[in-house]
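Peer 1: predicted model and sequence below, questions to follow.
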Amino acid sequence: MTTPVNVTVTGAAGQIGYALLFRIASGAMLGPDTPVRLRLLEIPQAVRAAEGTAMELDDCAFPLLAGIDIHDDPAQGLAGTNIALLVGARPRGPGMERADLLEANGGIFGPQGKAINDGAADDVRVLVVGNPANTNALIAAAHAPDVPAERFTAMTRLDHNRALSQVAARAGVPVADVRRLTIWGNHSATQYPDLFHADVAGTPGGTLTADTAWLTDEFIPTVAKRGAAIIDARGASSAASAANAAIEHTRDWVLGTPEGDWTSAGVVSTGEYGVPEGLVCSFPVTSSGGDWQVVEGLEIDAFSRERIDASVAELTAERDAVRSLGLV
Ligand SMILES: NC(=O)C1=CN([C@@H]2O[C@H](COP(=O)(O)OP(=O)(O)OC[C@H]3O[C@@H](n4cnc5c(N)ncnc54)[C@H](O)[C@@H]3O)[C@@H](O)[C@H]2O)C=CC1
Ligand SMILES: O=C([O-])CC(=O)C(=O)O
C-alpha cells in the first residue's frame, strides 16, 4: 500500500474543520489512491470536541484513513507533516482593533511556522485559511526560514469559486464553462475579482465587462463582500464552502490544474505584476509538478490596475503593522 500522506488540520474542532476532515478522509483532496493520516491540532479546551470528531471519522470506516492523532502542541501536531491546513485562528472580538487581531494571530502563526520549520516533512505544503489569511501566511513563512517561501500559501479559492458562480449565473452558462477568472490581492473586501481575461463559454469576459454598472456595482462588491453576506444570512461564517475551497486548492497544488485554465491562490510575490516582493498576494496561478506558477504576461488596463494596487496597498499596510509588532 502507498505510504499515507500526513495532513495536519489546525482548528480541527471548528466549523470549517468539521466540513473539511471528512472530505479529506474520503479521498476528495488527494485522490482515490492516496491514504491519509490525519493530525488534528487544537487548543487544549477544544481537544475533547476534536476527539468527538475523530470518533465520527472512525465511524465512517473510510478505507483511505490510515490513522488519526490529536494534539494541542504545534510541535507535535506538525511533526512530519506533508500538508498543513492552518484553519484555526483568533476571530475578531468586541472592541478588538486590527492591530490586536494581528498580534493575537501572530501568537498562533509564529509558533506554527516555527514548528513547520523544525519538524515538518521536507515536501511540506502549507495552506493558511484562518483570517487575515494572507498576513497569517506571511507570519508563518517568516518563522520558517528553512522552508522555501513558495510552500506557504493563503486561500483565495473561495473568492475564486464565488466569482465563477456569479459569472455563470449572469451569463446563463454552466459553471464549468467559465474559465480563467482571477482574484487579485488580499482575501478581504479590497480583493479584485477580474474577468477581463476570462473565457465564458467561448465568449471573452470583456463582453460582460462592457456593462460597467453590473461590473462595478454588482459583480465586484458581491464577490468581495460575500463573506459578510453569508455571516448576515447564516449567523456564522462560510464553512462548507470554505472547506471545499481548501480541498480544491490543495488538490490542484498537488495534482495540477486543468489544461487551458488557471485558478487563484495567495502566493509569495517575487515581484510579478509590480506586487512588492515577499507579500502574500492572490494571483492567477497554474500548478504542475507540485508547484504553483503565476500566470505572467496578462495585460492589465487602468481599471484593473487601480483595483489591484488598492488591495496590494492594504497587504503592504498589514505587513508594516506586523513588522512593527515584531512578528515578521
Ligand atoms: N480564507 C478564507 O476564504 C476563509 C477563512 N475563514 C477563516 O477561517 C478561520 C476558521 O473559521 P471557522 O472554522 O469557522 O472558525 P471556528 O471558530 O468555528 O473554529 C476555529 C477553531 O480554531 C481553534 N483554534 C484557535 N486557536 C488555535 C490554535 N492556536 N491552534 C489550533 N487551533 C486553534 C479553535 O479552538 C476553534 O475550534 C477563521 O479565521 C475564519 O475567518 C473562513 C472562511 C473563509
Ligand atoms: O468573512 C469572513 O469572516 C469569513 C471569510 O473569510 C469568508 O467567508 O470569505
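Peer 2: Right, received. Where do you want to start? Ligands and ions are numbered 1, 2, ... in the order given.

Peer 1: what count of nearby residues applies to the closest residue to ligand 1 within the stretch 201-328 of the chain?
Peer 2: Relative to ligand 1, the nearest point of the stretch 201-328 of the chain is Ala242 (3.7 Å; C-beta to the nearest ligand atom). Placement of C-beta: from N, CA and C, glycine included. Residues near Ala242, counting by other C-beta atoms under 10 Å, number 22.

Peer 1: shouldn't it be in contact with Tyr18?
Peer 2: No. Using C-beta atoms under 8 Å, Ala242 makes no contact with Tyr18, being 11.2 Å away.

Peer 1: quick one on the thing from earlier: check the secondary structure at the residue of the stretch 201-328 of the chain closest to ligand 1 for me.
Peer 2: helix (DSSP: H, G, I helix; E, B strand; the rest coil).

Peer 1: which residues touch it?
Peer 2: Applying C-beta atoms under 8 Å, 6 or more residues apart in numbering, we find Ala242 in contact with Ile16, Ala19, Val129, Met155, Leu158.

Peer 1: kindly present these as JSON lines, with separate columns for neighbour count and distance to ligand 1.
Peer 2: Output for the contacts of Ala242, formatted as JSON lines (neighbours: other C-beta atoms under 10 Å; distance: C-beta to the nearest ligand atom, whole Å):
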{"residue": "Ile16", "neighbour count": "25", "distance to ligand 1": "3"}
{"residue": "Ala19", "neighbour count": "18", "distance to ligand 1": "8"}
{"residue": "Val129", "neighbour count": "28", "distance to ligand 1": "5"}
{"residue": "Met155", "neighbour count": "29", "distance to ligand 1": "4"}
{"residue": "Leu158", "neighbour count": "25", "distance to ligand 1": "4"}
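
Peer 1: what helices or strands is the worst-scoring helix or strand of the chain on mean pLDDT leaning on?
Peer 2: Lowest on mean pLDDT, DSSP states H and E among the helices and strands of the chain sits helix 206-209, with a mean of 86. Where contact means 3 or more C-beta pairs under 8 Å, 6 or more residues apart in numbering; DSSP states H and E, helix 206-209 is packed against helix 157-171.

Peer 1: list the contacts of the helix or strand following the helix it packs on.
Peer 2: As assigned by DSSP states H and E, the chain's next helix or strand after helix 157-171 is strand 178-179. Applying C-beta under 8 Å, 6+ apart, the contact partners of strand 178-179 are Leu164, Val167, Ala168, Ala171, Ala198, Asp199, Val200, Ala201, Gly260, Asp261, Trp262.

Peer 1: wait, what's in contact with the fourth one?
Peer 2: To tie it back to what came earlier, the one meant is Ala171. Counting by C-beta under 8 Å, 6+ apart, Ala171 touches Val178, Val200, Ala201, Thr203, Leu208.

Peer 1: quick check: nearest residue in space to the second one, chain neighbours excluded?
Peer 2: Taking C-beta to C-beta, 6 or more residues apart in numbering, and ignoring the residues beside it in sequence, Val200 has Ala171 as its nearest neighbour in space, at 4.9 Å.
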